[in-house]
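Asker: sequence and computational prediction follow.
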Amino acid sequence: ESRIEELEGELEGVRGAAAELEGSLSAQVARAQQEAREVAAASDVEVEECIALIARTERQAATWQTEAARHQQAVEELSSALALRDARLGVLQAELGAARASAARADEAHVRGEEAAGKRA
């Protein structure tokens, strides 16, 4: 259970990181677009700089999208691992229940055996 909680914590951390990356990306793209509009109004030379800035921003956006996809893959892998661990936990709990029931039957048979031996004696 502690490993499951640890994996759930990691899962939440990865989701948070992906959300932060997406938020940061959106904010930077918006800032870059605003800067590009302001620069374009100033001069033709600045328009070319603006185009370069947009190209850099788009490359950065592509990089961040790749990272976000990688984080999403990690989230999916952690979710899958949690599901497998939950299933295994269920199996182990069922096996434990069966073992306890068997032990209780064995104890009961032992008591009956002792009682029968006591009556014979």
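Answerer: Looks like it arrived, so ask away. Quick caveat, the model's predicted, so the values are computed rather than measured. Residues are numbered from 1 along each chain as shown.
Asker: state the distance from the residue of the chain positioned farthest from its centre to Glu115.
Answerer: Largest separation from the mean C-alpha position in the chain: Ala121, at 65.6 Å (Cα atoms, centre = their mean). Distance, Ala121 to Glu115, by Cβ to Cβ, to the nearest Å: 11 Å. The C-beta positions use only the backbone N, C-alpha and C, and glycine is treated the same way.
Asker: also Ile54?
Answerer: Remark: distance between Ile54 and Glu115 (Cβ to Cβ) = 90 Å.
Asker: equivalent analysis for Arg70, please.
Answerer: Distance from Arg70 to Glu115, counting by Cβ to Cβ: 67 Å.
Asker: who has more neighbours, Ile54 and Glu115?
Answerer: Legend: neighbour count by other Cβ atoms under 10 Å for Ile54 and Glu115, higher for Ile54 (16 against 10).
Asker: pretty sure the more buried one contacts Val29?
Answerer: No: Ile54 lies out of contact with Val29 (Cβ atoms under 8 Å); the separation is 9.1 Å.
Asker: tell me who's in contact with Gln72.
Answerer: Contacts for Gln72 were tallied using Cβ atoms under 8 Å, 6 or more residues apart in numbering; they are Ala18.
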